[in-house]
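In: Compute the structure for the input listed below.
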Amino acid sequence: MIKCNNCGSVLPDNAKFCTNCGAEITAATSTPLKESLESTVESAAKDVKSAVEQTIRAPGGTVRSIPISIILSIVTCGIYGIWWVCQLNREVNEAAGKRDYLGGVAVILLSIVTCSIYFLYWAYKMGTNVESIRQQRGKPGGSSPIIYLVLSFFGLSIVALAIMQSELNDLYLGQ
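Out: Residues are numbered from 1 along each chain as shown. A predicted model of the protein is given here:
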């Protein structure tokens, strides 16, 4: 919506003349709402650019910002989360030395077909792989398989993904 510079009437965005006074509407006419929307879009674009810049490529894989990954998973209604699962699947398996692992897309499809039962198995398996990586690097083991499984079972798989990413970030940065 725009305002007439002559009489102040509110007009549609595509108006060329004021319906109240007949004055010509100039292209420079702008409203606070339009300016606010434009600044919001610019701000969002800067935030996305900043999130991309916070993703660092490390020698063993990608060090991702966990808060940004969670926010992007929520904002994209889970689409980023699916991509995140695929990337974590690849990176954890490669770091553990597994060459015959199931791809991320297959993990997602099997999880859908089995009503998330396969995802519970996958979370447990990723936990065992993370423990294997920790042992290969001489770090003390933990209870990652059980933690990932329990969190996923109770619907907190995004927390399990965040912990998994944190483990990978620590391993990549600790090389």
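In: Name the residue closest to the centre of the protein, please.
Out: In the chain, the centroid-proximal residue (Cα atoms, centre = their mean) is residue 72; its distance is 3.0 Å.
In: Please determine how far residue 152 is located from residue 108.
Out: When Cβ to Cβ, to the nearest Å is the yardstick, residue 152 and residue 108 sit 14 Å from each other. All C-beta spots, glycine's among them, are computed from the backbone N, C-alpha and C.
In: Quick check on those two: which one has the bigger neighbour count.
Out: Per other Cβ atoms under 10 Å, whichever of residue 152 and residue 108 has more neighbours is residue 152, with 23 against 19.
In: What is the subsequent helix or strand relative to the helix or strand of the chain with the lowest mean pLDDT?
Out: Of all helical and strand segments in the chain, the minimum by mean pLDDT, DSSP states H and E falls on strand 56-57, at a mean of 51. Downstream of strand 56-57, the first helix or strand assigned by DSSP states H and E is strand 62-63.
In: starting at the chain centroid, how far to that next one?
Out: Taking Cα atoms, centre = their mean, to the nearest Å, one finds the center of strand 62-63 at 13 Å from the center of the full chain.
In: For residue 130, give me the pLDDT.
Out: Looking at residue 130, its pLDDT reads 89.
In: Quick one: the strands in this protein, in order.
Out: Counting by DSSP state E, the chain has strands at residues 2-3, 10-11, 56-57, 62-63.
In: who's in contact with the nearest residue to residue 15 once chain neighbours are set aside?
Out: Leaving aside its sequence neighbours, residue 15 sits nearest to residue 25 (Cβ to Cβ, 6 or more residues apart in numbering; 5.4 Å). Neighbouring residues of residue 25 by Cβ atoms under 8 Å, 6 or more residues apart in numbering: 2, 4, 5, 11, 15, 16, 17, 18.
In: of those, closest to residue 83?
Out: residue 2 (40.1 Å; Cβ to Cβ).
In: Perfect, that will be all.
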